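*Asks:* Below are the sequence and a predicted model for it; my questions follow.
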Amino acid sequence: MLQAKSYAKNCGFVEMKVEVKVEVKVEVNVEVNMDRIEKLKNDMYSFEELDTMEKNATKLRDGETLSLIQLSRASKAAKGEQPSSLADED
């Protein structure tokens, strides 16, 4: 190694030390996720919103959300609520 350094100096090469700092910042918005779950538990989404959420949860394989969507639909049906497409037929 010492010979390589002296050879490099003789050839006009300069020894340099380089330090690299990498900072990675990851933010997870837990509040939004919890808010969504709380809204699902409290039947605050319309049937149309539940349909959209179900499509997204299926793509993401989010079992927790899918089960909460099923519960929300069942709860809405038990309260006598209907999707707007069914309500329009009456």
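*Replies:* Arrived safely, thanks for sending.

*Asks:* got the buried residues for the helix ranked longest in the chain?
*Replies:* Across the chain, the longest stretch assigned as helix under DSSP state H is helix 63-78. Residues of helix 63-78 classed as buried by neighbour count (16 or more other CB atoms under 10 Å): Thr65, Leu68, Ile69, Ser72, Arg73, Lys76. From N, CA and C alone the C-beta is placed, and that goes for glycine too.

*Asks:* roughly how far apart are the last one and Lys25?
*Replies:* Note on Lys76: its distance to Lys25, by CB to CB, to the nearest Å, is 40 Å.

*Asks:* Repeat that for the fifth one.
*Replies:* When CB to CB is applied, the distance between Arg73 and Lys25 equals 38 Å.

*Asks:* Just the CA atoms of the longest helix of the chain, as CSV, please.
*Replies:* Taking Å, rounded to 0.1, in the frame of the first residue of the first chain, the C-alpha atoms of helix 63-78 are listed here in CSV:
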residue,chain,number,x,y,z
GLY,A,63,-57.4,-7.0,5.1
GLU,A,64,-58.1,-4.7,8.0
THR,A,65,-59.8,-2.1,5.8
LEU,A,66,-61.7,-4.7,3.8
SER,A,67,-63.2,-6.2,7.0
LEU,A,68,-64.1,-2.8,8.3
ILE,A,69,-65.8,-2.0,5.0
GLN,A,70,-67.9,-5.1,5.3
LEU,A,71,-68.9,-4.3,8.8
SER,A,72,-69.8,-0.7,7.8
ARG,A,73,-72.0,-1.9,4.9
ALA,A,74,-73.7,-4.4,7.2
SER,A,75,-74.2,-1.7,9.9
LYS,A,76,-75.7,0.7,7.3
ALA,A,77,-78.0,-2.0,6.0
ALA,A,78,-79.2,-2.7,9.5
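
*Asks:* Could you check how far it is from the centre of its chain?
*Replies:* Going by CA atoms, centre = their mean, to the nearest Å, the spacing between the C-alpha centre of helix 63-78 and its chain's C-alpha centre is 20 Å.
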